[in-house]
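Starting from these lines, generate the structure:
(one chain, ligands or ions: 1)
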Amino acid sequence: MQIIDGKNLAKKIREEVAEEVELLKKDRDITPGLAVVLVGDDPASHAYVKMKARACKEAGIYSITHEMPETISQSEIEETIAMMNKNPNIDGILVQLPLPPHIDTTKILELIDPKKDVDGFHPYNFGRLMTGLDGFVPCTPLGVMEMLGAYDIDPKGKDACVVGASNIVGKPMAALLLNAFATVDVCHIHTKDLAAHTSRADILIVGVGKAGLVTEEMVKDGAVVIDIGINRLEDGSLAGDVDFEGVASKCSYITPVPGGVGPMTIAMLLKNTIKAAKERK
Ligand code: GUN
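So this is what the prediction gives:
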């Protein structure tokens, strides 16, 4: 069994991004810029946004965070997005989710200029992903594909199982695997017999947010197991959706939590931001 070291891979990618940013500045006078919208006081969202801002700074990417109170109106967020769409110094726009329940999230995401949609959440980019066209791909599933590539794991012809069917993780993950010629099962809360699907998978990808959901007997011998879940346990420690100790003994590759997929998400955001800057200018 080999551990897929997302932390180290992400570090390498962030160094490569920093080098590319330096060249963009020197050769083309381009400083990539990212604008982040952060609404409310959710501590996890604040922590993620802080990590994203720090990663930008380290890579030489300009970033600005628009912090808004929980009580902000739909139209005020919309006006902020419209302003960022027009701002020539901003290449990427990211709205940290979730937004408060009184906000229409779909409408907000649809307002983002698809050319600045570095999270890949706009239906335009999702449609391009589904049809196999170039566009912006959500950072977490993109990071998973980068990890598979770095460890020479080719999905072609493999049975893959994605557990979780969210718009920002499960669905784009399934599309990427399909585009890479895997045979893909997508499981969700209404799946009748989860183990029947997971135990067939050569590549098992889990992103649900339920600690210990996937246990040893649900995993095929020699499978590649990618754990996207991040759960805070009662003792304050972090755990994924996969029972790491049990599953690690029978799979060929596994990602740890923390230090697996999480750091890759931020590295992919930086990559998407320089992609946006290069394509716009
Ligand atoms: N909330 C949870 N994950 C994400 C993410 O990847 N991007 C944004 N914008 N919000 C999130």
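
So which bits of the stretch 1-150 of the chain are right by the ligand?
Taking C-beta under 6 Å from any ligand atom as the test, the list of the stretch 1-150 of the chain residues beside the ligand reads Leu94, Val95, Gln96, Leu97, Asp119, Cys139, Thr140. Bear in mind the C-beta positions are built from the backbone N, C-alpha and C, glycine included.

Of those, which belong to strands?
The strands, defined by DSSP state E, take in Leu94, Val95 from these.

Taking the residues of the stretch 1-150 of the chain next to the ligand, tell me the two that lie furthest apart.
Val95 and Thr140 (15.4 Å; C-beta to C-beta).

Helices of this structure, start to end?
Taking DSSP state H as the criterion, the chain carries its helices at 6-28, 43-59, 74-86, 105-111, 123-130, 139-150, 170-179, 194-198, 244-248, 261-280.

any chance of these in TSV, with distance to Val36, mean pLDDT and mean neighbour count too?
Formatted as TSV, the entries for these read as follows, by distance: least, C-beta to C-beta, whole Å; pLDDT from 0 to 100; neighbours: other C-beta atoms under 10 Å:
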stretch	distance to Val36	mean pLDDT	mean neighbour count
helix 6-28	17	98	16
helix 43-59	6	97	16
helix 74-86	10	98	15
helix 105-111	13	98	16
helix 123-130	18	98	18
helix 139-150	13	98	23
helix 170-179	20	98	23
helix 194-198	35	98	18
helix 244-248	31	97	17
helix 261-280	10	97	23
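
tell me, how many neighbours does the nearest residue to Ser166 once chain neighbours are set aside end up with?
The spatial neighbour of Ser166 that comes closest, neighbours along the chain excluded (C-beta to C-beta, 6 or more residues apart in numbering), is Gly207 at 7.2 Å. By other C-beta atoms under 10 Å, 24 other residues sit near Gly207.

what does the model give Gly207 for pLDDT?
What the model reports for Gly207 is a pLDDT of 98.

Quick check on whichever residue of the stretch 101-250 of the chain sits closest to the ligand: phi, psi?
Residue nearest to the ligand within the stretch 101-250 of the chain (C-beta to the nearest ligand atom): Asp119, separated by 4.8 Å. Asp119 adopts backbone torsions of phi -90, psi -10, taken as degrees, to the nearest 10.

how far away is the closest residue to it other than its chain neighbours from Pro256?
Spatial nearest neighbour of Asp119, excluding adjacent residues (C-beta to C-beta, 6+ apart): Leu94 at 5.2 Å. Distance from Leu94 to Pro256, counting by C-beta to C-beta, to the nearest Å: 26 Å.

the more surrounded of the two?
Counted by other C-beta under 10 Å, Leu94 and Pro256 do not tie: Leu94 has more neighbours, with 25 against 19.

thought that one was touching Leu269?
Yes. The pair Leu94 and Leu269 qualifies as a contact (C-beta atoms under 8 Å) at a distance of 7.2 Å.

Quick check: neighbours shared by these two?
Leu34, Lys52, Val118, Asp119 (C-beta atoms under 8 Å, 6 or more residues apart in numbering).

In a markdown table: the residues you listed, plus distance to Met264.
As requested, the shared contacts of Leu94 and Leu269 are arranged in a markdown table below (distance: C-beta to C-beta, whole Å):
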| residue | distance to Met264 |
| --- | --- |
| Leu34 | 17 |
| Lys52 | 13 |
| Val118 | 15 |
| Asp119 | 14 |
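
What subset of those is buried?
Taking 16 or more other C-beta atoms under 10 Å as the criterion, what is buried in the shared contacts of Leu94 and Leu269 is Leu34, Lys52, Val118, Asp119.
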